[in-house]
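A.B. asks: let's see this in three dimensions:
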Amino acid sequence: METRSHWQLECLRIGVQDASWPVQAVERRMLMKIRKVSPQVASCGAVVSGLDLARDVSPDLVSEIREAWLQYQVLAFPDQNLSLEDLERFAKTLGDFGVDPYFGSVPGHPHVAQVRREADETSPIFAETWHSDWSFLEYPPTATLLYGNVIPPVGGDTLFANQYAAWEALPAATRDRLQDKQGIHSARRGYARDGLYGERDTGRSMAIRFSDDALATQLHPIARIHPETRRTALFISPGYTIGIDGMGDAEASLLLQELFAHQTRSEFVYRHRWSAGMLLVWDNRCLLHAATGGYDGHARLLHRITVAQRDAQR
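C.D. replies: Numbering: from 1, shown residues only. Just a heads-up that it's a prediction; the model follows:
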């Protein structure tokens, strides 16, 4: 009876009849076999199964993941077992580490922050306001990675709102009105001394650092063209957009309130339910997100990394 090598058996398993195929070609075929992308029944989101991100990820697989991420905007990778080093290594495949100006970091891991809440904590839920991460920076992060270590049995969902869809659903006259306008973004509502997470915010287990630097402002186009997909997204948020450049406060406030209500309509929203060992990766350039509560009496711990924009996209 013919004895087949492990390589020959693996080739047969994935449907390659000729074991003399170049190794790279067979590995590519293997990657296509193990990856399954299941879109969510929502305006954005997909689950990617069959991957072990604790192992080194090949450039070809990174390319596939990025393609799916750009298509679905937020990807969930369930059933992972990641150390902080694994999380950092995978984040680096997507780009350089971003900056987190108002978070303390995990000792020994300067780019990793904890999103945590103790079972007996009574402070307001962190990040319940719709926002795009750190949009008040000159170069906001491209992506955010969030890994679930301790997940409560109820509550704690994360909401995402597709801002491509929000932009496309605006009346043509409103799109024309906004086309050349810039939003004024600031961290002041959250991270200034008198902000939600300022000096009066006590009893919180998260390492949040308020600062007078949060009073600064930054302009970004309201109609933001995504540098990779070239699609237009509505780039404002209740969390960080405080005005419209060149527009009076009263007029800007009225328009922004209308836009805030529009951009989080139910047809644009995906509600993500967590499980322990799940990694989430989302695109800050075309999504808003918001935390939810509903898990009083239960601890919750996740680890977070942001990914900076590539130089060519700035």
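A.B. asks: quick one: average pLDDT of stretch 244-253?
C.D. replies: Stretch 244-253 shows a mean pLDDT of 98.
A.B. asks: domains of the chain?
C.D. replies: Per automatic domain parsing, the domain ranges recorded for the chain read 1-34, 41-313.
A.B. asks: deepest of the ones you listed, which one?
C.D. replies: domain 41-313 (a mean of 18; mean count of other CB atoms under 10 Å). From N, CA and C alone the C-beta is placed, and that goes for glycine too.
A.B. asks: show me the shaky parts of the stretch 101-250 of the chain.
C.D. replies: The stretch 101-250 of the chain contains no residues with pLDDT under 70.
A.B. asks: show me where it has its helices.
C.D. replies: 163-168, 172-178, 188-191, 249-263 (DSSP state H, counting those that start in this stretch).
A.B. asks: which strands or helices does the longest one pack on?
C.D. replies: What that stands for is helix 249-263. Judged by 3 or more CB pairs under 8 Å, 6 or more residues apart in numbering; DSSP states H and E, helix 249-263 is in contact with helix 163-168, strand 241-244.
A.B. asks: adding distance to I151, write these out as a markdown table.
C.D. replies: Output for those, formatted as a markdown table (distance: least, CB to CB, whole Å):
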| stretch | distance to I151 |
| --- | --- |
| helix 163-168 | 27 |
| strand 241-244 | 31 |
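A.B. asks: of the ones you listed, which approaches L287 most closely?
C.D. replies: helix 163-168 (6.1 Å; CB to CB).
A.B. asks: need the CA coordinates for stretch 212-229. CSV is fine.
C.D. replies: The C-alpha coordinates for stretch 212-229 follow below in CSV (Å, rounded to 0.1, in the frame of the first residue of the first chain):
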residue,chain,number,x,y,z
ASP,A,212,-7.0,70.6,29.5
ASP,A,213,-5.7,69.5,26.1
ALA,A,214,-9.2,68.2,25.4
LEU,A,215,-10.3,71.8,24.8
ALA,A,216,-8.5,71.9,21.5
THR,A,217,-10.4,71.6,18.2
GLN,A,218,-9.7,69.9,14.9
LEU,A,219,-11.5,70.3,11.5
HIS,A,220,-12.5,67.3,9.3
PRO,A,221,-14.7,67.2,6.2
ILE,A,222,-18.3,66.2,7.0
ALA,A,223,-18.4,64.4,3.7
ARG,A,224,-15.3,62.2,4.2
ILE,A,225,-14.0,60.2,1.3
HIS,A,226,-12.6,56.9,2.5
PRO,A,227,-8.9,56.7,1.3
GLU,A,228,-9.2,53.0,0.4
THR,A,229,-12.7,52.4,-0.8
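A.B. asks: mind listing residues that contact that stretch?
C.D. replies: Residues external to stretch 212-229 that are found in contact with it (CB atoms under 8 Å, 6 or more residues apart in numbering): 70, 101-102, 135-138, 140, 164, 167, 175, 178-179, 181-188, 190-193, 195, 231-236, 242, 244-245, 285-286, 309, 312-313.
A.B. asks: now do 7 Å
C.D. replies: With contact meaning CB atoms under 7 Å, 6 or more residues apart in numbering, stretch 212-229 is reached by 70, 135-138, 167, 178-179, 181-188, 191-193, 195, 232-236, 245, 285-286, 313.
A.B. asks: any idea how far P153 lies from Q40?
C.D. replies: Distance, P153 to Q40, using CB to CB, to the nearest Å: 22 Å.
A.B. asks: quick one: pLDDT of the nearest residue to I125 once chain neighbours are set aside?
C.D. replies: Nearest residue to I125 in three dimensions, chain neighbours excluded: G293, at 4.3 Å (CB to CB, 6 or more residues apart in numbering). pLDDT, G293: 98.
A.B. asks: same check on the one 4 residues further on?
C.D. replies: pLDDT for G297: 97.
A.B. asks: how close does it get to S275?
C.D. replies: In terms of CB to CB, G297 sits 19 Å off from S275.
A.B. asks: quick one, phi/psi of R271?
C.D. replies: Torsion angles at R271 (phi, psi; degrees, to the nearest 10) stand at phi -100, psi 120.
A.B. asks: OK, contacts around it?
C.D. replies: 157, 159.
A.B. asks: for the residue nearest to I125, identify the helix or strand it belongs to.
C.D. replies: Counting by DSSP states H and E, no helix or strand carries G293.
A.B. asks: show residues contacting stretch 294-311.
C.D. replies: Counting contacts by CB under 7 Å, 6+ apart, the residues outside stretch 294-311 that touch it are 84, 87-88, 91, 94-98, 100, 111-119, 133-134, 139, 141-156.
A.B. asks: okay, V26: pLDDT?
C.D. replies: 42.
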